[in-house]
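J.: I need the structure of the sequence given here:
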Amino acid sequence: TSRIENESTQKSISRYLRALDATQLMSLCSMAGIPLNQSSAEKLVGFANGFTPSRIRKGVKFTKRMISVGNTLRKVSKVISKCKHLIILFVLISCIKSAILKLVVIGRGAGKKVAKKVIRESIAMASFPF
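T.: You can find the predicted model right below:
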């Protein structure tokens with residue numbers, strides 16, 4: 001990969017691709033045994049002629065970045081597969097904890113009714129201790 005990052009290599013690749021024409025491409029394809037018609041060759045040549053050293057540099061950087069992201073995702077998936085049971089246990093415990101600690105919201109009327117009932121029961125228990 002270090003050779004493709006070299007600026008002189010990128011310039012030579014760009015020079016080769018910008019000098020490519022449809023007849024050269026068709027002859028290269030026929031030598032390789034790949035049939036290619038004229039319109040497809042012209043489209044490919046138009047695409048190849050657009051490559052500049054800066055575009056190649058951007059493509060190399062993007063490719064390296066995607067490879068590093070892929071490697072990181074592979075490592076993360078290995079860790080997740082090793083610790084899957086611990087992750088599931090953690091999520092389960094956090095769900096149970098949030099369910100236990102979740103406040104119960106009651107309406108105004110229901111709160112007043114419960115408060116009055118508690119007051120009545122406490123007065124009744126105070127007046128008749130046995």
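
J.: from now on I want contacts and neighbour counts done on CA atoms only, so please keep to that.
T.: Fine.

J.: C-alpha coordinates for stretch 7-15, PDB please?
T.: Only the C-alpha atoms of stretch 7-15 are listed here, as PDB (Å, rounded to 0.1, in the frame of the first residue of the first chain):
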ATOM      1  CA  GLU A   7       2.900  10.700  -5.500                       C
ATOM      2  CA  SER A   8       5.000   9.700  -8.500                       C
ATOM      3  CA  THR A   9       3.200   6.400  -8.700                       C
ATOM      4  CA  GLN A  10      -0.200   8.200  -8.700                       C
ATOM      5  CA  LYS A  11       1.000  10.600 -11.400                       C
ATOM      6  CA  SER A  12       2.100   7.700 -13.600                       C
ATOM      7  CA  ILE A  13      -1.200   5.900 -13.100                       C
ATOM      8  CA  SER A  14      -3.100   9.100 -13.900                       C
ATOM      9  CA  ARG A  15      -0.900   9.700 -17.000                       C
END
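
J.: show me how far that stretch is from its chain's centre.
T.: Taking Cα atoms, centre = their mean, to the nearest Å, one finds the center of stretch 7-15 at 33 Å from the center of the full chain.

J.: okay, buried residues for it please.
T.: Residues of stretch 7-15 classed as buried by neighbour count (16 or more other Cα atoms under 10 Å): 10, 11, 13, 14.

J.: ok, the residues you listed vs residue 28, which is closest?
T.: Nearest to residue 28 among those is residue 13, at 16.5 Å by Cα to Cα.

J.: who are the contact partners of that closest one?
T.: By Cα atoms under 8 Å, 6 or more residues apart in numbering, residue 13 lies in contact with residue 53.

J.: which helix of the chain spans the most residues?
T.: helix 53-82 (DSSP state H).

J.: in TSV: the buried residues of stretch 7-15, plus pLDDT and secondary structure.
T.: Output for the buried residues of stretch 7-15, formatted as TSV (pLDDT from 0 to 100; DSSP: H, G, I helix; E, B strand; the rest coil):
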residue	pLDDT	secondary structure
10	89	helix
11	91	helix
13	90	helix
14	90	helix
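
J.: looking at the residues you listed, which one is closest to residue 113?
T.: residue 10 (81.5 Å).

J.: quick check: closest non-adjacent residue to the closest one.
T.: The shortest distance from residue 10 to any residue other than its chain neighbours is 5.3 Å, reached at residue 53 (Cα to Cα, 6 or more residues apart in numbering).
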